[in-house]
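In: Fold the stuff below for me.
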Amino acid sequence: MLDRLSLRLRILLFFALIAGGGVAAIIAGGWLTLSRSPEPGLEGPLLQAGMIAGFLILFIVTGIWYLFDANVARAIDGLSNAIRSRAHADIGGSLKQEAAQARYLGDLAPAAEAIAASLTQTRSALAESVARETARLSAEKSRLEKLLADVPVAVLLCNADFQLAFYNGQAVTILEAGGAPGLDRNLLDYLRDGPVRHAYDRLRKLDDPDAVSDLMCATIASGRLLSGRMRVLRRTDNTRRPGFVLTLRDVTADLAAHAAREALLQEVFDRVRRPAANLQTVIGVLAESPDMAHETDLTTAMQAEVRALTNAITELGARHDATRGEWLPQTRTRSRDLLDGIEAQFSADGLFLTTEGPELVLTCDGFELAMFFRWLGGKLAATKRAKTFRLVLSEEDGPGAILDLIWQGPPLPVGEFDGWLTDSINPDLPEVTARAVLSAHMTDAWTETRRNGHACVRLPIPQARRATTRPAPIERDVVYDFDLLSKERNAGVLESRLEDLTYVVFDTETTGLTPSSDEIVQIAAVRVVNGRRVRREVFDTLVDPGRPIPQSSTDVHGITADMVKGAPTIVDAGKRFHDFARGAVLIAHNAPFDMEFLRRHEKDIGAQFDNPVLDTVLLSAVVYGQLEQHSLDALTARLGITIPEEARHTAIGDTVATADAFLKLLPMLQAKGLETFGDVLAEVRRHGRLLKDLNTQM
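Out: Model prediction:
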């Protein structure tokens, strides 16, 4: 039991024992003297002398204990905390301040300072060596991450419990309707579980790492239809179920376009079949009639059926052309890129071309159009019409644009141009004719002769729009932690090891310091998974408090009433934060303050914040003792964490600082023998006079 007490408390008990022993010795000596002395009247003086001696002993022992506590016990505690911080929290720097406080400990302080200096030098040398050896691997890792980030399908890597250990940017796009994915979150929170579980069970029973299973699944939140392929990972440990790789592609739009096309084709057959059958009947009657008395009536009926059939075909053809663009694999191309590509094609054939036109975004196959104009320029040059051309792009009144290839020379007759359109535009692609290119773009081309003597070929582009400023590229980082594939999660929270738990570190900014009446104006949070802060998994939102923000509060956090206009209310923000923190241990600095704001709105939010909670104030007390300062500034300074001045007293800035502090405290807690959440909780509750423990149900 004594080994669980702090050093200073044990020393206090030691001196108390000395004082008690001295007083007991005086009492025993007085009793022995009185019991053997026959002379009466000694009791009073002897009792008085004993009381004075006892008080002197208590005074002297208390004074010595105070000096010992101030100059030895506190110094040892400070020195041990500094050494532990440098050993487990990767903090550099010398121990000069701690050594000065421990000046009465003889060679202990210089020896500790020498060890710290040696540790710092060793770490520096090791870091340089590791940096040199891993530079190549880091570069390859970065290239691999970029490749995986731009893969046009969602790639997910999960363990046997369907917990995410890897996801790329496309996965965020596909699954974000149900909340952006996160490491160590359950895949079945985003996808309907039936097809996924069925495919996994089927592959696991096969026990063949090369086997794959195609599946069709849907997202829970938006009902998007996804086409997927699953492959089970090769087993590395027969005692564990294997994880799996799942690739997903959103086929909702493809299926909708396919369904629309099928519906149109079905309507074509339905509407053409009946007039065709009627026409066939009329022709049969006409052919079999022995007399021609009804020839006029039959001819009229046949003409009506032909007219109906022609109208149906014309209408359906127009509808087909109107929706055809939805089925063609054309992309959006910037006009400047297309014109530059065509100019390069002309230059390759020894022709001269100038281009002009506004910045537009064209829906077209840029490769086919470049080859079409190269073919056209070659044909015009071969027929001695021109070798110098001008290509002008102009907007039309509607949604389209038009390309004019202009030259000064003999015009191109329409009949001759129509004859050219059956030619292949590329010898390597004989099946791709000029007419096929025009048909694929749902357009046509024709020739014109202008008043100034210039001739041209005009080619409309049906879909075009004004180009805007290029948006910032979407960050498509991959997020992964392959250690999650081998982690078992069978224990409850109390029995779970600290490194096996997922944490959400959060902070709030408010209109004031009274949780019962003030409101939240900002919530920020980050996720800590497998002992590291996940850079891409961040929650940060302003909140409309529904009341004025006092100037005194704005002076602290910098949030004004104008900044929160249009921001979500605490109900909406609270729901999103609750989803973000689902299944995690909540961590905050002075957690009772922040939690009271959230729990006051649980009824409106429709969810309870019943997560396990850790407070870095109490964790600091566990590591450094209650007598130290435990403010966020004091804690981060002690741990060598710098909070930028502009980030202090902002929700996200304080959240990141708290998360970094927790990650440095974590190995220090483990070094004290606190391995599980239950161990830490029991130790935290011993410091209840600092702050209230919020884990009342555990």
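In: can you tell me which helix or strand Phe609 belongs to?
Out: Following DSSP states H and E, there is no helix or strand that holds Phe609.
In: So which residues of the stretch 101-250 of the chain form helices?
Out: 108-149, 169-175, 193-206 (DSSP state H, counting those that start in this stretch).
In: Alpha carbons of stretch 562-571, in CSV - could you do that?
Out: Output of stretch 562-571 as CSV, limited to C-alpha atoms (Å, rounded to 0.1, in the frame of the first residue of the first chain):
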residue,chain,number,x,y,z
ASP,A,562,-21.2,39.1,-37.5
MET,A,563,-19.0,36.0,-37.7
VAL,A,564,-21.7,33.7,-36.4
LYS,A,565,-24.5,35.0,-38.6
GLY,A,566,-25.7,32.0,-40.7
ALA,A,567,-23.7,29.6,-38.6
PRO,A,568,-25.5,26.4,-37.4
THR,A,569,-27.3,26.5,-34.1
ILE,A,570,-26.2,24.4,-31.2
VAL,A,571,-28.8,21.8,-32.1
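In: buried ones in that stretch?
Out: 564, 567-570 (16 or more other C-beta atoms under 10 Å). Just so you know, the C-beta spots here come from the backbone N, C-alpha and C atoms, and that holds for glycine as well.
In: just stretch 217-237 next, same as before
Out: Neighbour-count burial for stretch 217-237 [16+ other C-beta under 10 Å]: 217, 219-220, 224-228, 230-232.
In: ok so, going back, wait, which of the helices of the stretch 101-250 of the chain is closest to Phe389?
Out: Closest to Phe389 of the helices of the stretch 101-250 of the chain is helix 108-149 (C-beta to C-beta; 40.1 Å).
In: Which strands or helices does the closest one pack on?
Out: Helix 108-149 is packed against helix 74-88, helix 96-101, with contacts defined by 3 or more C-beta pairs under 8 Å, 6 or more residues apart in numbering; DSSP states H and E.
In: In the buried residues of stretch 562-571, find the pair that's most separated.
Out: Val564 and Ile570, at 11.0 Å, using C-beta to C-beta across those.
In: intersection of neighbour lists for those two?
Out: 543-545 (C-beta atoms under 8 Å, 6 or more residues apart in numbering).
In: quick one: secondary structure of the closest residue to Val622 other than its chain neighbours?
Out: Of all residues not flanking Val622 in the chain, Glu683 sits nearest, at 5.1 Å (C-beta to C-beta, 6 or more residues apart in numbering). Here Glu683 is helix, with the state taken from DSSP: H, G, I helix; E, B strand; the rest coil.
In: pretty sure Glu683 contacts Thr676?
Out: No: look at Glu683 against Thr676 with C-beta atoms under 8 Å: they stay out of range, at 10.9 Å.
In: thinking again about what came up before, check the shared contacts of Val564 and Ile570 for burial and list the buried ones.
Out: Buried among the shared contacts of Val564 and Ile570 by 16+ other C-beta under 10 Å: 543-545.
In: now those as CSV including distance to Ala651 and secondary structure?
Out: CSV is the format used below for these (distance: C-beta to C-beta, whole Å; DSSP: H, G, I helix; E, B strand; the rest coil):
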residue, distance to Ala651, secondary structure
Val543, 10, coil
Asp544, 15, coil
Pro545, 13, coil
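In: Backbone torsions only: list them for Ile520.
Out: For Ile520, the backbone dihedrals are phi -80, psi 140 (criterion: degrees, to the nearest 10).
In: Okay, Leu614 and Gly640: tell me how far apart.
Out: From Leu614 across to Gly640, the span is 21 Å (C-beta to C-beta, to the nearest Å).
In: do Ser516 as well
Out: Distance from Ser516 to Gly640, by C-beta to C-beta: 37 Å.
In: swap in Ala682?
Out: For Ala682, the distance to Gly640 - C-beta to C-beta - is 28 Å.
In: same check, this time on Gln697
Out: Separation of Gln697 from Gly640 (C-beta to C-beta): 36 Å.
In: Tell me which of the two has more neighbours.
Out: Using other C-beta atoms under 10 Å as the criterion, Gln697 and Gly640 rank with Gly640 on top: 16 against 6.
In: Mind checking what secondary structure the more buried one has?
Out: Following three-state DSSP, we place Gly640 in the coil state.
In: In the stretch 51-200 of the chain, where is pLDDT below threshold?
Out: Within the stretch 51-200 of the chain, the segments meeting pLDDT under 70 span 89-90, 92-100, 104, 106, 140-141, 143-150, 176-180.
In: got the contact list for Gln170?
Out: Per C-beta under 8 Å, 6+ apart, neighbours of Gln170: 151-155, 476.
In: what's the closest of these to Leu618?
Out: When the contacts of Gln170 are compared against Leu618 (criterion: C-beta to C-beta), the nearest one is Arg476, at 39.7 Å.
In: Just the buried positions in the host helix or strand of Met51, please.
Out: Here Met51, judged by DSSP H and E, is contained in helix 43-68. Buried positions in helix 43-68, judged by neighbour count with 16+ other C-beta under 10 Å: 46, 50, 53-54, 57, 61, 65, 68.
In: With stretch 381-399 instead?
Out: Counting neighbours by 16+ other C-beta under 10 Å, stretch 381-399 gives 381, 385-387, 389-393 as buried.
In: residue ranges with poor pLDDT in the stretch 251-400 of the chain?
Out: Across the stretch 251-400 of the chain, the ranges flagged by pLDDT under 70 are 253-331.
In: neighbours around the nearest residue to Ala621 once chain neighbours are set aside, how many?
Out: Nearest non-adjacent residue to Ala621, counting by C-beta to C-beta, 6+ apart: His687, 4.4 Å away. Neighbours of His687 under the rule other C-beta under 10 Å: 19.
In: And for the one 5 residues further on?
Out: A count of neighbours around Lys692, defined by other C-beta under 10 Å, yields 12.
In: quick one: contacts for the nearest residue to it once chain neighbours are set aside?
Out: Nearest residue to Lys692 in three dimensions, chain neighbours excluded: Pro592, at 5.3 Å (C-beta to C-beta, 6+ apart). Applying C-beta under 8 Å, 6+ apart to Pro592 gives the contacts 615, 691-692, 694.
In: Pro592 sits in which helix or strand?
Out: helix 591-599.
In: Would you agree Arg532 is in contact with Asp481?
Out: Yes: taking contacts as C-beta under 8 Å, Arg532 lies within contact range of Asp481: 7.4 Å.
In: And those two? Which one has more around it.
Out: Asp481 (18 against 13).
In: Grab the nearest non-local neighbour of Leu665.
Out: Here the residue nearest Leu665, using C-beta to C-beta, 6+ apart, is Leu619, at 5.1 Å.
In: Go ahead and list the helix or strand containing that neighbour.
Out: helix 616-624.
In: what's the angle from that helix to helix 591-599?
Out: 160 degrees (axes from the mean of the first three to the mean of the last three C-alpha atoms, to 10 degrees).
In: Tell me how many other residues crowd Ile643.
Out: Neighbours around Ile643, by other C-beta under 10 Å: 20.
In: and it, what is it in contact with?
Out: Taking C-beta under 8 Å, 6+ apart as the test, what Ile643 contacts is 632-633, 636, 653-654, 657.
In: what two of those are the furthest from one another?
Out: Farthest pair in these, by C-beta to C-beta: Asp633 and Gly653, 12.1 Å.
In: thinking again about what came up before, roughly how far apart are the residue nearest to Lys692 and Val212?
Out: Using C-beta to C-beta, we find Pro592 at a distance of 51 Å from Val212.
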